[in-house]
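Q: Dropping a prediction and its sequence here:
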Amino acid sequence: MKATKKIIPALVMLLVSAVLLSTASYAWFSMNATVTATGMQVTAKVPDSLQISVTDADSNFGSTVALVNDGSISSLSEAIVPTRHTATTGSTGLPTFYKLTDDAAASVNEHGKLTGDHANASLDNQATYTVTNADFFVDQMWLKLEGVANQEKAVNVKVEWDGLPVADSIKTALHILFVDETGKLLLDWDMSYSTDQEPVDSRTLAGFTLSTATSTTDESSTEITPAVAKSIYAYAYLAGDDDECKNVNISANDLLKVTITFGVEPVSET
């Protein structure tokens with residue numbers, strides 16, 4: 001019998017209050033564009049079958065947790081700007097984020113594209129890009145699967161706007177980036193998925209699976225090995241190289257609120 005897909009709603013509330021405002025022209029928004037931010041608040045909720053912690057892999061698991069920006073990775077300025085990040089292959093650790101230099105920002109045309117010497121610059125070109133630790137939100141969470149022993153499930157996710165009006169000039173440039181603890185890409189969720197689709201479809205976190213406890217039986221006893229939690233980093237950032245990051249004279253002071261819903265499904269055999 002074909003396995004039936006089972007969705008386990010693990011809800012992560014990402015609340016970005018007064019988001020995306022700066023006082024200058026930055027990144028791939030066109031000249032004189034302004035976007036503002038005053039902070040983020042994240043709440044995660046899961047059912048009994050899926051537990052979540054923001055402490056570590058061994059403690060404080062529950063059905064509701066508050067995610068807080070990880071200050072050891074990001075200082076999260078009150079004025080954030082669009083960014084790019086390094087490749088998420090898992091071989092170089094967690095991604096590094098870059099914003100444009102003032103000179104590069106001044107080269108952005110009305111279509112949100114870099115021009116002149118900056119047009120084809122790589123991230124290591126210091127005339128165009130500079131490292132930033134203040135223009136993205138990040139937190140680490142650990143997920144653990146409960147239930148019948150000896151089960152393995154793939155994990156999927158969807159991200160949806162939570163009913164609040166959001167300026168078109170902002171919403172499709174927002175991305176939620178999911179990586180594992182090595183920095184390997186699991187999914188880069190472009191919020192245009194959530195704008196263009198109704199209902200929003202879940203997408204699989206590439207290569208990320210969870211297993212329940214393991215039960216091993218011999219002639220005299222049964223040994224149970226507890227389920228092992230696995231970690232995910234979630235980044236929220238404005239993608240400067242997103243096709244929608246091109247608006248003229250953007251000014252936004254929006255309350256951005258999204259819901260991240262985790263689910264499980266059979267592991268693909270392909």
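A: Received the coordinates, thanks.

Q: Looks like residue 186 contacts residue 176 (just checking).
A: No: the criterion here is CB atoms under 8 Å, and residue 186 misses it with residue 176 at 10.8 Å. C-beta: built from backbone N, CA, C; applies to glycine.

Q: helix/strand/coil for residue 103?
A: State at residue 103, reduced to three classes by DSSP: H, G, I helix; E, B strand; the rest coil: helix.

Q: Quickly note the distance from it to residue 198.
A: Separation of residue 103 from residue 198 (CB to CB, to the nearest Å): 42 Å.

Q: Check residue 153 too.
A: According to CB to CB, residue 153 and residue 198 sit 27 Å apart.

Q: The two - which one has more neighbours?
A: residue 153 (20 against 8; other CB atoms under 10 Å).

Q: Please pull out the lowest mean pLDDT helix or strand from the protein.
A: Among the helices and strands of the chain, strand 10-19 carries the lowest confidence by mean pLDDT, DSSP states H and E, at a mean of 45.

Q: and residue 201, what does it touch?
A: Neighbouring residues of residue 201 by CB atoms under 8 Å, 6 or more residues apart in numbering: 158, 193.

Q: what are the phi and psi angles of it?
A: Main-chain dihedrals, residue 201, degrees, to the nearest 10: phi -90, psi 140.

Q: Can you read off the pLDDT for it?
A: pLDDT for residue 201: 89.

Q: which residues in the stretch 101-250 of the chain form helices?
A: Here the stretch 101-250 of the chain has its helices, by DSSP state H, counting those that start in this stretch, at 102-106, 168-171, 192-196.

Q: want to throw these into a markdown table with distance to residue 226 and mean neighbour count?
A: Formatted as a markdown table, the helices of the stretch 101-250 of the chain follow (distance: least, CB to CB, whole Å; neighbours: other CB atoms under 10 Å):
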| stretch | distance to residue 226 | mean neighbour count |
| --- | --- | --- |
| helix 102-106 | 51 | 17 |
| helix 168-171 | 41 | 19 |
| helix 192-196 | 35 | 16 |
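
Q: Could you tell me the least trusted of those?
A: Among the helices of the stretch 101-250 of the chain, helix 168-171 scores lowest, at a mean of 66.

Q: Flag the shaky bits of the stretch 151-270 of the chain, pLDDT-wise.
A: Applying pLDDT under 70 to the stretch 151-270 of the chain picks out residues 163-170, 196-197, 244, 246-256, 270.

Q: Please identify which of the helices of the stretch 101-250 of the chain is closest to residue 90.
A: Minimum separation from residue 90 across the helices of the stretch 101-250 of the chain (CB to CB) falls at helix 192-196, 23.4 Å.

Q: helices or strands next to the closest one in the packing?
A: Here helix 192-196 touches strand 152-161, going by 3 or more CB pairs under 8 Å, 6 or more residues apart in numbering; DSSP states H and E.

Q: Now the strand it packs on: buried residues?
A: With burial defined by 16 or more other CB atoms under 10 Å, the residues of strand 152-161 counted as buried are 153, 154, 155, 156, 157, 158, 159, 160, 161.

Q: Good, we can wrap up now.
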